[in-house]
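Undergrad: fold the following.
(chains A and B)
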Amino acid sequence: MTTIKKLSIGLIVLAILTPIGLWLPTQFKAGDAWGEWGTEYFEEELGYIPEKMQETAELWNAPMPDYAFATEDEASTTMTVFSYILSAIIGIIICFGLVFFLGWILSKKKRTKSDV
Amino acid sequence: MHIPDGYLGLETCAVGYAAMIPIWGIASYKVKKNLKAKQVPLLAIGAAFSFVIMMFNIPIPGGTTGHAVGAVLVAILLGPWASTIAISVALIIQSLLFGDGGILAIGANCFNIAFVMSFSGYGIYKLISGKSSATSLRRLVAAGIAAFLGLTLAAFTTSIMFGIQPLLHQTESGQFLYSPYGLKIAIPAMVGEHLLIFGWVELIVTVLVVKFLQKQEPEMILPAGE
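TA: Model (predicted):
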């Protein structure tokens, strides 16, 4: 088997294992990453939400926020795990596809040049 | 380490983009010049790997979470310019589709996580690995140290971006407009957690993959011209 094939299989295995990244923090009572809190965190910490933060925080509505398809309150554990894995697979496919395409375009000219 | 929207002032976000646009331009030029067509699949796998490894949130018990990035690994295998492009793509997808990292902050996040990490890690790796053979232990150690320090340096530049916000944006009454924590809080918090836990995760991930490639296909570890 080629190295590329083995690495690709490794990627799929990683995608299936991603829910570890959801589960592990709950086991150790860890919260958000530093500096990635929701605005309500500052309501508690400072007593107010910084004005401009409030204005710009929700600028973009991502289609799958936090690698989930349903909001956290509605989602069952199974659904959360499933959508996390699905997000991983979608992300892998898009990243692979985009970089493959970019690399293909960028290396194309040189290929034709060296062929001549 | 993905700075969300709302934390950085517009000036900082603009500086992030202003830095990254020429970097992306030069990176495209360098990749066009140096990347072989047969290396393209590996670069694509590198971007996908970075995306997925960032989903493995690792906890500090009772504290924050963090994760590995994989940027130093990709830089070791394909060079820091190619790595900057691959990791930038992963970060942009995370931001646009999954809301992980702000869209105004894409330039800043790509600067820290793609550019700073790839280049600092690659430099340290080169320095330590020297002219050692592809399968040598020294090269493996170099990869591990570079991964550890590369991630920590990315956390450091990120913490500076956070930390200058209260200096730049405060009302006359002392209310913060964006991220409220200054350099004295942000730098120890972010650099500390990466030195303590997340840097080691990056080290382990990088060493495991480099070790695998040393056995599987050592030619991949010594890119063209070495």
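Undergrad: how much space between the spatially closest residue to B:Arg139 that is not a sequence neighbour and chain A?
TA: Here the nearest residue to B:Arg139 in space, its sequence neighbours aside, is B:Ser129; by Cβ to Cβ, 6 or more residues apart in numbering or on different chains that works out to 4.7 Å. C-beta: built from backbone N, CA, C; applies to glycine. Computed with Cβ to the nearest Cβ, to the nearest Å, the distance linking B:Ser129 and chain A is 20 Å.
Undergrad: cool, and B:Pro218?
TA: In terms of Cβ to the nearest Cβ, B:Pro218 sits 10 Å off from chain A.
Undergrad: put the alpha carbons of the strand or helix carrying B:Ala108 into CSV.
TA: Here B:Ala108 sits within helix B:106-109, counting by DSSP states H and E. Provided in CSV are the C-alpha atoms of helix B:106-109 (Å, rounded to 0.1, in the frame of the first residue of the first chain):
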residue,chain,number,x,y,z
ILE,B,106,-9.2,35.2,9.5
GLY,B,107,-6.1,37.2,8.7
ALA,B,108,-5.0,37.3,12.3
ASN,B,109,-5.7,33.6,12.9
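Undergrad: per-residue confidence averaged over it?
TA: Mean pLDDT, helix B:106-109: 98.
Undergrad: list the buried residues of the very next helix or strand once past that helix.
TA: Following helix B:106-109 in sequence order, the next helix or strand is helix B:117-129 (DSSP H and E). Along helix B:117-129, these residues count as buried under the neighbour rule (16 or more other Cβ atoms under 10 Å in any protein chain shown): B:117-125, B:128-129.
Undergrad: could you do stretch B:210-219 as well?
TA: For stretch B:210-219, the neighbour count (16+ other Cβ under 10 Å) marks B:210, B:213-214 as buried.
Undergrad: quick one: which of the buried residues of helix B:117-129 is nearest to B:Cys13?
TA: Checking the buried residues of helix B:117-129 against B:Cys13 by Cβ to Cβ gives B:Met117 as the nearest, at 19.4 Å.
Undergrad: so which of the buried residues of stretch B:210-219 would count as near chain A as well?
TA: B:Leu213 (Cβ under 8 Å from any Cβ of the partner chain).
Undergrad: could you list the low-pLDDT ranges of chain B?
TA: Within chain B, the ranges that satisfy pLDDT under 70 run B:223-226.
Undergrad: hmm, the lengthiest helix in chain A touching chain B?
TA: Using DSSP state H, we find that the single longest helix of chain A is helix A:77-115. Yes. Under the criterion of Cβ under 8 Å from any Cβ, chain B is reached by helix A:77-115 at A:84, A:87-88, A:90-100, A:102-104, A:106-111.
Undergrad: need the nearest residue in space to the spatially most central residue of chain B, chain neighbours excluded.
TA: The residue lying closest to the centre of chain B (Cα atoms, centre = their mean) is B:Ile113, at 2.9 Å. Spatial nearest neighbour of B:Ile113, excluding adjacent residues (Cβ to Cβ, 6+ apart): B:Ala154 at 5.4 Å.
Undergrad: host element of that neighbour?
TA: helix B:137-163.
Undergrad: can you point out the buried residues in the next helix-or-strand element following that helix?
TA: Note on helix B:137-163: by DSSP H and E, the next helix or strand toward the C-terminus is helix B:165-168. Going by neighbour count (16+ other Cβ under 10 Å), the buried part of helix B:165-168 is B:165-166.
Undergrad: give the other helices and strands that the worst-scoring helix or strand of chain A on mean pLDDT contacts.
TA: Least confident helix or strand of chain A, by mean pLDDT, DSSP states H and E, is helix A:77-115 with a mean of 86. For helix A:77-115, the packing partners by 3 or more Cβ pairs under 8 Å, 6 or more residues apart in numbering or on different chains; DSSP states H and E come out as helix A:3-17, helix A:20-27, helix B:10-34, helix B:40-53, helix B:80-98.
Undergrad: ok, so what distance separates the residue nearest to the centre of chain B from chain A?
TA: Distance, B:Ile113 to chain A, using Cβ to the nearest Cβ: 12 Å.
Undergrad: that residue contacts B:Leu91, correct?
TA: Yes. Using Cβ atoms under 8 Å, B:Ile113 is in contact with B:Leu91, at 6.0 Å.
Undergrad: give the residues shared as contacts by the two.
TA: Residues touching both B:Ile113 and B:Leu91 (Cβ atoms under 8 Å, 6 or more residues apart in numbering or on different chains): B:His2.
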